[in-house]
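Chemist: got a sequence here, can you build the structure:
(2 chains)
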Amino acid sequence: MEPLPINNVRLTKLFLLAGLILLLTGMLFGIIGGLQYIMPGFLKMYLSFEKVRPLHVSSVVFWILLAAMGGVLHYTREYTGQNLFSTRLLRVQLTLFLGTILLILISYIIGSFGGREYWEFPPLLAIPILLGWGLFVINYIKSIKSLKKQPVYVWMWLTGAIGFLFIFSESYLWVLPYFQKDVVRDMTVQWKSYGSLVGCWNMLIYGSGIYLMEKISNDKAYGHSKIGFALYFLGLFNLFFNWSHHIYTLPVSGDIRHIGYLVSMTELLILGRIIYKWKETVTQAQKFDHLIPYRFLWAADVWILLNLFLAIAMSVPAINIYTHGTHITVAHVMGTTIGINTMLLMAICFDILGENIQFKKRSQRQIANGYLIVNGSLFVFFMALVGAGIQRSRWQMNQDAGPFGEMMVSLAPYFIAFTLAGLFIFVGFSMITYPLLKSFMHSNYGSDNNANQNTGSITVNEANKLLKSALTEPVKVE
Amino acid sequence: MQGKMIWQKKNCGACHQIYGLGGFLGPDLTNIYSAVGKGPMYIKAFVTAGTPVMPSFHLQEQEMTELLQYLRHVDASGKSDPKQFRVNYDGTIAN
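Modeler: Modelled structure (predicted):
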């Protein structure tokens, strides 16, 4: 049989590695942004807020995208027990993404913008992103080969990958005069596409989360279960139609609001299921608590519950008019991107980058402390934003409201709280990722330890043996 | 459309909102054009001089005119004030 080139494994791991570096970079810019809230004019001459915000947002969005792609590709290889379709495509994809991300960050620093939320870089730079994503889709589809009797996570990866390709293109419809000349039409399409884009990357991440849970528990039932597929279709339905809560206050047709309202209420089913299964989740958490990836999966579960309450409340139009345009929206975004996406991706990083790594007792303690600091600080961060949002909402709804600047000054205690909490989140994530990155670098860039180092390749049998041991003994910790 | 491009190229949305969507550091500018005590001259003064937080953007006269035209177009498209919505018993809203 054809040997599996180690490069293939290394490349998928490099996606995660690059992602982790972007996460830490993004958090640093986030702290600078927070300081600009509490010290107006801070770094204004060199790095004013209209530069810092996109540096923060894009770094973090690309952490999510790179780690999500890396996770899917690595697990696809592991799941099929075969090498990915093309190492060359993988290399080109990684080069395209890393090169473009670098150009994007430079463009922000020199003040060259496309000026769209999330994608604030010049629109030309969207082309290599789209091309890179296209290569990801080709590599994934060709590697999976058949869709017959595949588990739910294979479908989730497929829909997330293909969906992103189309919806990312849709988010650039604004370059056409038909959309550009009408602000309401443009914003409707823009926020429709953003809602669905988040749904797409969630499909990739949640799919990997399900795969990882099966790997940890060694129970393959969920991936083929009816409830697994029912929840997948519910997620898909929401991906397409649950976006209009972004634009309830835009002068759009009432039908858009009503459909969005109705569809978002289907999330109550997911919330109900989480609450119903909570006891089981807690039991499982106690059973697997010694596994680092599982701890992150468990944290994501708690954050899903907390965020779902907020998301469902914000999807009721009568409540949305109070929360819209306030920091409550930011709390929701931070809760989902850090609390859910990043926790799941951390679980994936520890599973993939940490395989074959024995963490020393000191590193284990550091990771455990970092984990507690991140989750505790994130809760303070989340609540500070909710508090700021409530105060801003009261100002927005007050008939005799004072000037905007006065309201912002009154929010200073909340801004101080969320900036400090953000600093601690950064410290916590640094404590978590440092031992992982250090051990990973020392392990010869994550090549399989048992692999044949001389030829730079391993056989399929060796790979399967490694996979089997990974399934029965996922990430050993002392 | 030129004014919209200036809005985007200067990344105004990083700090300001249109219909409650965008940044949180500056005020929502959906109806700034027609707001009592504000309007074109007020906008022009802020964009030219900047604030302790906002840089001065050094727009040329033509660019400033186009930006103002864009903000006039946004203003004419509707009202963003959440106080103006009527809340119905079933949780829906109307304006």
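Chemist: would you mind measuring from A:Tyr276 to chain B?
Modeler: To chain B, A:Tyr276 is 24 Å away according to CB to the nearest CB, to the nearest Å. Backbone N, C-alpha and C define where each C-beta goes, glycine included.
Chemist: and for A:Leu378?
Modeler: Here the criterion is CB to the nearest CB. By it, A:Leu378 lies 19 Å from chain B.
Chemist: wait, isn't that residue in contact with A:Thr337?
Modeler: No: counting by CB atoms under 8 Å, no contact exists between A:Leu378 and A:Thr337, whose distance comes to 10.7 Å.
Chemist: what does the stretch 201-350 of chain A put close to chain B?
Modeler: Taking CB under 8 Å from any CB of the partner chain, the part of the stretch 201-350 of chain A that reaches chain B is made up of A:246-251, A:254, A:257-258, A:261, A:316-322, A:324-325, A:327, A:330.
Chemist: between A:Leu378 and A:Thr337, tell me which one has more neighbours.
Modeler: More neighbours sit around A:Leu378 than around the other of A:Leu378 and A:Thr337, counting by other CB atoms under 10 Å in any protein chain shown; the figures are 24 against 18.
Chemist: quick one, grab the pLDDT at the more buried one.
Modeler: A:Leu378 is assigned a predicted lDDT (pLDDT) of 97.
Chemist: please point out which parts of the helix or strand hosting it sit buried.
Modeler: Under the criterion of DSSP states H and E, A:Leu378 resides in helix A:361-397. Of all the residues in helix A:361-397, those buried under the rule 16 or more other CB atoms under 10 Å in any protein chain shown are A:363-364, A:366-367, A:370-371, A:373-375, A:377-382, A:384-393, A:395-396.
Chemist: packing partners for that helix?
Modeler: helix A:292-315, helix A:317-323, helix A:327-334, helix A:404-410, helix A:412-442 (3 or more CB pairs under 8 Å, 6 or more residues apart in numbering or on different chains; DSSP states H and E).
Chemist: check what contacts the next helix or strand along the chain from the third one and list those residues.
Modeler: Following the chain from helix A:327-334 toward its C-terminal end, the next helix or strand by DSSP H and E is helix A:343-353. With contact meaning CB atoms under 8 Å, 6 or more residues apart in numbering or on different chains, helix A:343-353 is reached by A:12-13, A:16-17, A:19-20, A:63-64, A:67-68, A:70-71, A:74, A:205-206, A:208-209, A:212, A:215, A:292-297, A:299-300, A:303, A:432-433, A:436-437, A:440, A:446, A:474-475.
Chemist: with stretch A:129-148 instead?
Modeler: Applying CB under 8 Å, 6+ apart, the contact partners of stretch A:129-148 are A:69, A:72-73, A:76-77, A:80, A:82, A:84-86, A:89-90, A:92-93, A:96-97, A:100, A:150, A:154-155, A:157-158, A:161-162, A:164-165, A:168-169.
Chemist: list only buried entries from those.
Modeler: The neighbour-count criterion (16+ other CB under 10 Å) marks A:69, A:72-73, A:76-77, A:82, A:84-86, A:89-90, A:93, A:96-97, A:100, A:150, A:154-155, A:157-158, A:161-162, A:164-165, A:168 among the contacts of stretch A:129-148 as buried.
Chemist: still on that earlier bit, mean neighbour count, distance to A:Ala347 and mean pLDDT added to the helices and strands packed on helix A:361-397, as TSV?
Modeler: As requested, the helices and strands packed on helix A:361-397 are exported to TSV (neighbours: other CB atoms under 10 Å in any protein chain shown; distance: least, CB to CB, whole Å; pLDDT from 0 to 100):
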stretch	mean neighbour count	distance to A:Ala347	mean pLDDT
helix A:292-315	20	4	91
helix A:317-323	23	30	94
helix A:327-334	22	19	96
helix A:404-410	14	38	95
helix A:412-442	19	11	94
